[in-house]
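Trainee: fold the following.
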Amino acid sequence: MNPSNPFAADAGAVSRWISDRQRLLRHEAEDAFRTEILDYGPRQSEHWQRDYSSIDAYEKSLQGNRQRWADAVGVPTREDRPFDAVLEPWFEDEQMSVWWLTMDFFGGLRARALFALPKTARNPLS
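Mentor: Numbering: from 1, shown residues only. Sure thing, here's the model as predicted:
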């Protein structure tokens with residue numbers, strides 16, 4: 001087996017090389033994301049200044065973050081894109097209700113998140 005010529009290697013070796021490379025890329029991405037997450041505090045106070053005084057004020061206070069996210073992932077601005085959010089019950093007990101939130105994001109890609117509310121919350125915006 002000649003590692004300088006992958007075309008001459010057996011299929012098992014090539015499969016291991018590909019797996020090793022994918023593992024390396026996954027670990028590098030995880031490390032980079034972990035570093036970003038751990039350094040989130042200063043960015044959070046700079047960019048997340050939510051206004052909970054009303055629904056309209058809250059939505060307006062999120063516009064800058066939504067635009068930064070769209071710019072970061074390359075989502076073109078389209079006012080004609082429907083929101084199409086779907087809530088599916090996932091978990092409920094005496095303390096909270098949790099739903100899966102799914103929405104169309106871009107093409108066939110869908111964004112998914114867990115949306116939870118404590119049962120004691122009467123108005124989450126107040």
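
Trainee: from Asp84, how far out is the spatially most central residue of the chain?
Mentor: The residue lying closest to the centre of the chain (Cα atoms, centre = their mean) is Ala111, at 7.2 Å. Note on Ala111: its distance to Asp84, by Cβ to Cβ, to the nearest Å, is 11 Å. C-beta: built from backbone N, CA, C; applies to glycine.

Trainee: and for these two, which residues touch both?
Mentor: Common neighbours of Ala111 and Asp84, using Cβ atoms under 8 Å, 6 or more residues apart in numbering, are 103-104.

Trainee: which SS state does the residue nearest to the centre of the chain fall under?
Mentor: For Ala111, the assignment made with DSSP: H, G, I helix; E, B strand; the rest coil gives strand.

Trainee: where does it land on pLDDT?
Mentor: For Ala111, the pLDDT comes out at 79.

Trainee: what's across from it in the sheet?
Mentor: Met103 (DSSP bridges).
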